[in-house]
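Visitor: quick one, what's the 3D model for this:
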Amino acid sequence: MKALVIDDTLTSMAVICAQLRKIGIEPISASDGTAGIEAFKEHRPDLVLLDVIMPGIDGYETAKRIRQLERDGEWTPILFLTASTSDEDLERGIAVGGDDFLVKPMSEIVLTAKVRAMQRMAQMRYSLVLLTRRLDEANRELIRLSSVDGLTDIANRRQFDEFLTREWARGIRSAAPLSLLMCDVDFFKQYNDHYGHPAGDECLKVVAKTLQGGVRRPADLTARYGGEEFAVVLPDTDLPGAEQVAEEMRRALENLAMPHAGSLLGLVSISIGVACTVPKRENGSVAQLIADADAALYRAKQAGRNRVLVASEELLS
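Guide: The predicted structure follows:
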């Protein structure tokens with residue numbers, strides 16, 4: 001442990017430093033406030049013992065500036081060294097960031113007791129800071145887990161719903177198009193029946209990774225909608241752009257050539273329905289956008305699967 005001693009009286013400085021060494025603390029000395037502030041910057045001590053009356057800036061101003069140098073979460077105990085213990089002095093010392101007072105001349109026993117008390121307080125505070133950081137990390141992980149699908153490691157249905165609702169509200173403000181892809185793995189029940197559920201899980205992971213690889217921007221979201229169905233939200237994307245993304249995703253999965261004995265194609269494939277709208281407060285809703293994309297997906301499966309169909313008035317009529 002290091003202690004910064006700031007005192008313009010050489011005799012007092014020597015006595016305090018000697019006493020600190022006796023209790024296993026390394027002293028760092030400075031003869032005035034300005035030098036003390038520079039020493040604090042350089043050494044980042046665990047404790048500061050600070051004379052109140054000094055030439056130049058006094059102890060109160062020095063303590064105030066030291067507090068301003070501390071980083072977020074840091075706290076360095078400051079003990080004022082003073083011959084005055086008036087209520088006003090105590091009040092001012094605490095106000096500028098001091099923690100306690102040592103009255104000159106001081107006994108070795110009192111100095112040791114006060115320093116040990118500050119050590120314990122610093123250690124307890126450090127432990128509390130560590131605990132708080134761990135709790136913050138745990139909370140962040142819980143939030144992440146609550147929004148991520150456990151099997152595929154992409155967004156889950158909850159995150160999808162929240163994200164699409166947010167993007168709908170943003171689209172109302174910006175009058176920008178919002179596109180949605182609804183994707184379904186073709187003949188997935190037959191895949192599970194033929195290869196088994198563990199293989200089916202691995203198949204869904206590959207599909208999720210392929211879809212995730214097909215999004216181009218951080219603003220896009222790929223989610224597992226449920227079972228073998230996936231959804232992709234494309235903000236600020238018009239219908240031709242969304243159709244192109246969907247076709248690239250369909251082709252990317254087809255090019256993997258994953259065997260599927262229960263499929264007419266003989267390979268794992270997906271059908272995709274695409275819908276797009278410019279969100280408005282009236283004459284439209286998130287539910288309608290989902291329904292349109294889902295209807296286009298249904299028609300794609302009816303038309304033979306492994307294809308992309310775009311929601312249009314003709315298709316939805």
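Visitor: tell me where the stretch 101-250 of the chain has helices.
Guide: Ranges of helices in the stretch 101-250 of the chain, per DSSP state H, counting those that start in this stretch, are 108-146, 157-174, 188-195, 197-214, 239-256.
Visitor: and the strands in the stretch 1-150 of the chain?
Guide: 2-6, 26-30, 47-51, 78-82, 100-103 (DSSP state E, counting those that start in this stretch).
Visitor: now the first one against strand 26-30, angle please.
Guide: So that's strand 2-6. 30 degrees (axes from the mean of the first three to the mean of the last three Cα atoms, to 10 degrees).
Visitor: list the contacts of strand 2-6.
Guide: 13, 16-17, 20, 25-33, 35-36, 39-40, 43, 45-51, 54, 59, 62, 115 (Cβ atoms under 8 Å, 6 or more residues apart in numbering). Where C-beta positions appear, they are placed from N, C-alpha and C, glycine not excepted.
Visitor: put the buried members of the residues you listed into a ChimeraX selection.
Guide: Buried residues within the contacts of strand 2-6, by 16 or more other Cβ atoms under 10 Å, are selected in ChimeraX with:
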select :13,16,17,20,25,27,28,29,30,31,32,33,35,36,39,40,45,46,47,48,49,50,51,54,59,62,115
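Visitor: how many neighbours does residue 12 have?
Guide: Residues lying near residue 12 (other Cβ atoms under 10 Å) number 17.
Visitor: now the closest residue to it other than its chain neighbours. Its backbone dihedrals?
Guide: With Cβ to Cβ, 6 or more residues apart in numbering as the criterion, residue 12 has its nearest non-adjacent residue at 6.9 Å, and that residue is residue 104. Dihedral angles of residue 104 (phi, psi; degrees, to the nearest 10) stand at phi -80, psi 140.
Visitor: pretty sure residue 104 is touching residue 80, no?
Guide: No. In this structure residue 104 lies outside contact range of residue 80 using Cβ atoms under 8 Å: 10.2 Å.
Visitor: looking at the two, which is more packed in?
Guide: residue 80 (27 against 16).
Visitor: tell me how the chain divides into domains.
Guide: Segmentation of the chain into domains, based on automatic domain parsing, reads 2-139, 157-316.
Visitor: ok, which of those domains comes nearest residue 147?
Guide: domain 157-316 (3.9 Å; Cβ to Cβ).
Visitor: picking up where we left off before, how about CSV for the helices of the stretch 101-250 of the chain, with distance to residue 272 added?
Guide: Output for the helices of the stretch 101-250 of the chain, formatted as CSV (distance: least, Cβ to Cβ, whole Å):
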stretch, distance to residue 272
helix 108-146, 27
helix 157-174, 16
helix 188-195, 14
helix 197-214, 9
helix 239-256, 4
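Visitor: low-confidence stretches in this structure?
Guide: 85, 313-317 (pLDDT under 70).
Visitor: and the gap between the residue nearest to the spatial centre of the chain and residue 103?
Guide: With distances taken as Cα atoms, centre = their mean, residue 140 lies nearest the centre of the chain, 6.3 Å away. Distance of residue 140 to residue 103, given as Cβ to Cβ, to the nearest Å: 47 Å.
Visitor: coming back round to it: residue 201 is nearest to which of the strands of the stretch 1-150 of the chain?
Guide: Nearest to residue 201, of the strands of the stretch 1-150 of the chain and by Cβ to Cβ, is strand 2-6 at 55.8 Å.
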